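Undergrad: sharing a sequence plus its predicted fold:
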Amino acid sequence: MKLKIAILAGDGIGPEVTREATNILRAVAEFGGHDFTFVPMLVGGIAITETGSPLPTATLDASLECDAVLMGAVGDNKFNALPPDKRPEAGLLQIRQALGGYANLRPSIAYTSLSVNSPLRPEVTKDVDILFVRELLGGLYFGQPRFWNKETNVANNTMVYTRDEVVRVAKVAFDLARKRRKKVTSVDKANVLEVSQLWRAAVTDVARDYPDVTLEHQLVDSMAMHLMNIPRNFDVVLTENLFGDILSDEAAVITGSLGMLPSATIGGAVNLYEPVHGSAPDIAGQGKANPLGAILTAAMVLRHSANLEAEAAAIEAAVVKVLDAGHRTADIARGNVAGQTTVSTQEMGKLVHQALSDTINRSQSLHGV
């Protein structure tokens, strides 16, 4: 398998966690005899510093020539005085739009060994495995007109969706549900918003082509409560852009840390992969960052851009093995829990690498027998 991956490490802890994710991908290539090429490029604050743009033309051109883009995180407080379209985060929105991916996949899994990290009771989070499918190119984040008139003290954002935009992301959600537990929960605010009424009608129409998948509708406010009370009730959760941003971050309460959440954006010219967490400049360079979200994101690269399901599952199993052994970065460490060892970003990456190696070697041995 040949795979060309653009590496956009970004700012803050982005380079640290992306380095560990890339190391895991190199290991998979070595173990499996694959040909993975990595193309490092600039994005975000570092790109502003070196080129004056949060998304240099060279970065976008190189990304469009790759099979996948793996991003770290962008953002730094020192750029806050810049206009919104010049800040690091603008580069992220621009590359999302340019690559064309409209379906953002965000898994939220309750790891048994991290149950103590969640403020929710273990019996609430036990066996939770939710996949959020968030529409990524529409809604309030991209709708026009948008402005802030500081003279009149009026600001405006516009939530806009077309039926085609809803249908295409809904099909992604239903296709993925067929591979899971065959249930889709569509989230909207149809009791108030006309946009949500269109959303609900379009999703209901798509569901008719998937008679084997159960569809339910939830209002976003009730969904926010149900996620904390009965998260096991949900399989694939389909949302528009703003609601998906909020709800998938809320789901970090289930996993115990934003540092555990990967994501993939599919459907465009090139798939974009990035952990959900931010750039955390306050801990950058200190070896405290949790690389597991980035490593799990690397698994999604293999699953969705290389069709290497077994290898993706092996990475995920290696992460579980390391967590079960009690290894923790600072964000998921709990001092009052016996059997835990706090490790650095690099040490966590090495532990996952070793667990992955052990799993693959054992599998190869069994295959040989």
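TA: Everything's here; your move.

Undergrad: centre-most residue in this protein?
TA: Nearest to the centroid of the C-alpha atoms of the chain, with distances taken as CA atoms, centre = their mean, sits Ser263, at 1.7 Å.

Undergrad: give me every residue that touches it.
TA: By CB atoms under 8 Å, 6 or more residues apart in numbering, Ser263 lies in contact with 104-106, 248, 273-276, 297, 300. For the C-beta atoms, the positions are set from N, CA and C on the backbone; glycine is no exception.

Undergrad: let's see which of these end up in helices.
TA: Residues of the contacts of Ser263 located in helices (DSSP state H): 248, 297, 300.

Undergrad: now those residues as TSV including neighbour count, distance to Val69 and pLDDT?
TA: Shown next, in TSV, are the ones in helices among the contacts of Ser263 (neighbours: other CB atoms under 10 Å; distance: CB to CB, whole Å; pLDDT from 0 to 100):
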residue	neighbour count	distance to Val69	pLDDT
Ser248	26	20	93
Thr297	26	11	98
Met300	26	12	98
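
Undergrad: closest one of those residues to Gly44?
TA: Set against Gly44, the nearest of the ones in helices among the contacts of Ser263 by CB to CB is Thr297 (16.5 Å).

Undergrad: spit out the contact partners of the closest one.
TA: The contact partners of Thr297, by CB under 8 Å, 6+ apart, come to 21, 70, 262-264, 273-275.

Undergrad: just among the residues you listed, which is most surrounded?
TA: Pro275 (31 neighbours; other CB atoms under 10 Å).

Undergrad: quick check: pLDDT value at Ser257.
TA: On pLDDT, Ser257 comes in at 87.

Undergrad: how far is the helix or strand hosting Glu30 from where the chain is centred?
TA: Here Glu30, judged by DSSP states H and E, is contained in helix 14-32. Distance of helix 14-32 from the chain centroid (CA atoms, centre = their mean, to the nearest Å) equals 17 Å.

Undergrad: which other helices and strands contact that helix?
TA: Helix 14-32 sits against strand 2-10, strand 35-40, strand 68-73, helix 292-305, helix 309-324, helix 345-368, with contacts defined as 3 or more CB pairs under 8 Å, 6 or more residues apart in numbering; DSSP states H and E.

Undergrad: that one vs strand 68-73, what angle?
TA: Per axes from the mean of the first three to the mean of the last three CA atoms, to 10 degrees, the angle that helix 14-32 makes with strand 68-73 is 150 degrees.

Undergrad: list the buried residues of helix 14-32.
TA: Residues of helix 14-32 classed as buried: 14-25, 27-29, 31 (neighbour count, 16 or more other CB atoms under 10 Å).

Undergrad: what's the answer for stretch 323-332, then?
TA: 323, 327-332.

Undergrad: and for stretch 142-159?
TA: For stretch 142-159, by 16+ other CB under 10 Å, it's 142-143, 159.

Undergrad: follow-up on the earlier one: what's the farthest-apart pair in the buried residues of stretch 323-332?
TA: Farthest-apart pair in the buried residues of stretch 323-332 is Leu323 and Ala330; separation 14.5 Å (CB to CB).
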